[in-house]
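Enquirer: no FASTA, just this:
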């Protein structure tokens, strides 16, 4: 069996650990679904995830709803998604994203 989903609910890591996870997933060729919902991920974690999405071609679903991501993190993610051809589903509602995000 191959691990294709990572679900951290209800123990979603904070920014520093999310950045470490994102770095590890840059070379990922197996995990397709990453669930980091209902946590304390802020802009630092969102920027880390954006860096991963720029190069990862395997993740098809990312759930980061109900965190503390604001406009800065949302813009970083949007820029990365423009370069990503594999992400099909992104859940990021219930964050602190304003109109610029």
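Expert: Perfect, I can see it now. These numbers were taken from a predicted model, which means no experiment stands behind them.
Enquirer: Okay, strands next: where are they in this structure?
Expert: Along the chain, counting by DSSP state E, strands occupy 5-7, 33-35, 61-63, 89-91.
Enquirer: can you redo those strands as JSON lines with mean neighbour count?
Expert: Just so you know, the C-beta spots here come from the backbone N, C-alpha and C atoms, and that holds for glycine as well. Formatted as JSON lines, the strands of the chain follow (neighbours: other C-beta atoms under 10 Å):
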{"stretch": "strand 5-7", "mean neighbour count": "13"}
{"stretch": "strand 33-35", "mean neighbour count": "19"}
{"stretch": "strand 61-63", "mean neighbour count": "19"}
{"stretch": "strand 89-91", "mean neighbour count": "14"}
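Enquirer: possible to save these as CSV with distance to residue 19?
Expert: Formatted as CSV, these follow (distance: least, C-beta to C-beta, whole Å):
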stretch, distance to residue 19
strand 5-7, 15
strand 33-35, 14
strand 61-63, 15
strand 89-91, 18
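Enquirer: Residue 82 is nearest to which of the ones you listed?
Expert: When the strands of the chain are compared by C-beta to C-beta, strand 89-91 sits nearest residue 82, at 12.4 Å.
Enquirer: Quick one: low-confidence residue ranges for the protein.
Expert: 1, 100-101 (pLDDT under 70).
Enquirer: what about 80?
Expert: The chain contains residues with pLDDT under 80 at 1, 10, 98-101.
Enquirer: residue boundaries of the helices in it?
Expert: Applying DSSP state H to the chain gives helices spanning 15-25, 43-55, 71-83.
Enquirer: Could you dump those helices into a markdown table and include mean neighbour count and distance to residue 5?
Expert: Shown next, in a markdown table, are these (neighbours: other C-beta atoms under 10 Å; distance: least, C-beta to C-beta, whole Å):
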| stretch | mean neighbour count | distance to residue 5 |
| --- | --- | --- |
| helix 15-25 | 17 | 12 |
| helix 43-55 | 21 | 16 |
| helix 71-83 | 17 | 20 |
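Enquirer: Contacts only, for the closest residue to residue 83 other than its chain neighbours.
Expert: Closest residue to residue 83 apart from its sequence neighbours, by C-beta to C-beta, 6 or more residues apart in numbering: residue 54 at 5.3 Å. Neighbour list for residue 54: 80, 83-84 [criterion: C-beta atoms under 8 Å, 6 or more residues apart in numbering].
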